[in-house]
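K.L.:
Show me how the following folds:
(one chain, ligands or ions: 1)
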Amino acid sequence: MRIDVVTIFPEYLDPLRAALLGRAIERGLIEIGVRDLRDWTQDVHRAVDDAPYGGGPGMVMKPQIWGPALDEVCGDKTRLVVPTPAGRPFTQAMAHEFAAEEHLVFACGRYEGIDQRVIDDAARRMPVDEVSIGDYVLVGGEAAVLVMVEAVVRLLPGVLGNKLSAEQDSFSDGLLEGPSYTRPEVWRELAVPDVLRSGNHALVDRWRRDQALERTARRRPELIDRLPEGSLDKHDLRL
Ligand SMILES: Nc1ccccc1-c1cnco1
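P.N.:
From the prediction side, this is the model:
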């Protein structure tokens with residue numbers, strides 16, 4: 001997979017070359033390019049934004065800059081992802097979809113966003129997803145790209161060591177993870193639940209499932225309603 005990010009703050013994406021993702025690049029599992037949008041500006045001030053038609057606060061990013069940038073960076077196998085607070089919610093399912101793509105391009109908007117015609121024009125020749133990572137306001141799309149790239153790249157074959165399976169993690173069964181514990185058995189007078197030291201794997205599995213269901217019902221009840229038909233067995237339903 002190749003990933004390209006177009007941004008006016010390329011240094012913001014430096015963490016993509018650290019740790020797990022950095023090792024995936026070194027191992028040739030992914031290629032990552034970060035491009036400075038200002039490289040496509042023509043004026044001495046390297047302006048990338050202008051006042052919004054219709055008035056109002058903030059600035060809008062110029063189509064005459066974004067257009068040529070995406071023409072050059074995107075290819076015939078590109079899926080364009082545009083982080084925006086007005087986007088569809090980013091989910092694990094979307095991460096899996098993106099992980100199956102050959103080429104992802106992330107367009108990082110700042111200010112009040114990118115002129116809509118940039119997205120509309122791109123959608124004439126490639127799949128375009130306007131995506132939100134949550135209901136809060138960021139200054140730009142760069143932090144959202146770091147989140148999405150991590151969620152996507154960890155799903156690629158070979159990226160996670162075999163001891164960490166992407167499939168067994170949170171959200172793979174639609175529930176939140178329950179609590180986790182490690183040594184010591186007692187810490188600041190707080191003990192590890194006895195069942196986890198019982199050695200009875202069936203009991204441990206049951207306890208973990210119960211904890212995940214209770215936590216999900218308490219913190220994210222809407223996820224329970226979204227579980228596929230038949231996900232909950234009679235033991236689950238006794239809770
Ligand atoms: N707030 C933002 C501002 C600019 C670009 C993306 C966002 C965003 C993405 N997901 C939530 O917010």
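K.L.:
Tell me, please, the helix or strand in the protein that averages the lowest pLDDT.
P.N.:
helix 234-237 (a mean of 84; mean pLDDT, DSSP states H and E).
K.L.:
what about the strands in the chain?
P.N.:
Applying DSSP state E to the chain gives strands spanning 2-7, 31-36, 49-50, 60-61, 78-89, 103-107, 128-132, 186-187, 190-191.
K.L.:
Pass me the low-pLDDT residue ranges in this structure, would you?
P.N.:
In the predicted model, the chain carries pLDDT under 70 at residues 162-172, 239.
K.L.:
Could you identify the longest helix within it?
P.N.:
The helix that spans the most residues within the chain, counting by DSSP state H, is helix 201-219.
K.L.:
Any residues of this structure in contact with the ligand? List them.
P.N.:
83-85, 109, 132-134, 137-138, 140-141, 144 (C-beta under 6 Å from any ligand atom). Where C-beta positions appear, they are placed from N, C-alpha and C, glycine not excepted.
K.L.:
May I see the PyMOL selection of the buried members of those?
P.N.:
Buried members of the residues of the chain next to the ligand, defined by 16 or more other C-beta atoms under 10 Å, are picked up in PyMOL with:
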select buried, resi 83+84+85+109+132+133+140+141+144
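K.L.:
Can you pick out the most distant pair from the residues of the chain next to the ligand?
P.N.:
G109 and G134 (16.0 Å; C-beta to C-beta).
K.L.:
distance of the nearest residue to R219 once chain neighbours are set aside from A202?
P.N.:
In this structure, R219 finds its nearest non-sequential neighbour in L176, 6.3 Å apart by C-beta to C-beta, 6 or more residues apart in numbering. Separation of L176 from A202 (C-beta to C-beta, to the nearest Å) stands at 22 Å.
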